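[1] sequence plus predicted model, see below.
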Amino acid sequence: MPKEFVQEHVDLIARHEQEFLDRRTTGERLGDLIAGTAGSLTFVVAHLAVFALWIAVNVVHGIRHFDPPPFSLLSTIVALEAILLASFILMRQARIGRRSEEREHLILQILLLTEKELTAALELNREIARQVGLASAADRPQVEELSQQTPIDDVAQTIREKLAGE
């Protein structure tokens with residue numbers, strides 16, 4: 001396949017992904033920023049440093065302790081932060097899940113169209129084979145079966161039955 005066709009496909013996919021990102025609301029963008037930041041090593045190191053400093057300040061003798069052990073204020077702040085971070089991450093995951101479902105639907109539509117196109121092309125090839133005197137090859141059972149429309153509903157039902165039996 002020529003490079004320009006590959007690049008065209010890459011550009012098309014990149015455009016679709018960018019359009020999806022551009023459709024995010026301000027809240028979704030903020031949530032993505034927070035979730036992305038929370039998932040970084042810098043975030044973890046900064047938290048460890050803040051926690052270590054907090055604990056050190058509250059256990060060192062000679063300094064007024066604003067949150068003495070067992071550090072109930074720190075525990076409350078960490079718990080609230082955990083709740084908020086979990087919420088942002090869940091919101092991001094739900095949006096990513098929606099995007100994944102969109103992609104799966106697109107892939108399914110393309111696969112169904114491809115199946116129809118290949119079936120039509122195979123049937124046309126069989127006709128051409130008959131015209132040029134290759135009827136025996138065109139009418140082989142496997143070729144004949146493959147040139148029939150695939151009953152998608154039957155395939156889906158078979159898959160459901162197989163999965164239910166496992």
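    That came through, no problem.
[2] going forward, measure contacts between C-alpha atoms and count neighbours the same way
    Will do.
[3] in stretch 48-66, what counts as buried?
    Across stretch 48-66, burial judged by 16 or more other CA atoms under 10 Å covers 54, 55, 57, 58, 65.
[4] so which strand or helix has the second one?
    Translated: residue 55. helix 41-59 (DSSP states H and E).
[5] and the next helix or strand past that helix?
    Downstream of helix 41-59 (by DSSP H and E), the next one is helix 72-131.
[6] helices or strands up against the helix or strand just after that following helix?
    For helix 72-131, the succeeding helix or strand toward the C-terminus, using DSSP H and E, is helix 135-138. Secondary structure elements in contact with helix 135-138, counted by 3 or more CA pairs under 8 Å, 6 or more residues apart in numbering; DSSP states H and E, are helix 72-131.
[7] what's the angle between the helix it packs on and helix 41-59?
    170 degrees (axes from the mean of the first three to the mean of the last three CA atoms, to 10 degrees).
[8] now do helix 72-131: which elements does it pack against?
    Against helix 72-131 (3+ CA pairs under 8 Å, 6+ apart) you get helix 26-38, helix 135-138.
[9] sort out which residues of the longest one are buried, please.
    Residues of helix 26-38 classed as buried under the neighbour-count rule (16+ other CA under 10 Å) are 28, 31, 32, 34, 35, 38.
[10] need the contact partners of stretch 113-133.
    135, 137, 138, 139, 146, 147, 148, 149, 150 (CA atoms under 8 Å, 6 or more residues apart in numbering).
[11] for burial, what's the neighbour tally of residue 18?
    11 (other CA atoms under 10 Å).
[12] coming back round to it: quick one, which of the contacts of stretch 113-133 are buried?
    For these, buried by 16+ other CA under 10 Å: 138, 147.
[13] picking up where we left off before, who wins for proximity to residue 73 among the helices and strands packed on helix 72-131?
    Closest approach to residue 73 among the helices and strands packed on helix 72-131 (CA to CA): helix 26-38, 21.1 Å.
[14] so how far is that closest one from its chain's centroid?
    17 Å (CA atoms, centre = their mean, to the nearest Å).
[15] check stretch 85-97 too.
    12 Å.
[16] now do that stretch, average pLDDT.
    Mean pLDDT, computed over stretch 85-97, is 91.
[17] in that stretch, what counts as buried?
    Here stretch 85-97 shows 85, 88, 89, 91, 92 as buried, counting by 16+ other CA under 10 Å.
[18] okay, now the unreliable bits of this structure?
    1 (pLDDT under 70).
[19] okay, the contacts of stretch 113-133 in CSV with distance to residue 129 next?
    What follows is these, written out as CSV (distance: CA to CA, whole Å):
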residue, distance to residue 129
135, 6
137, 7
138, 6
139, 9
146, 15
147, 13
148, 16
149, 19
150, 22
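[20] cheers, nothing more for now.
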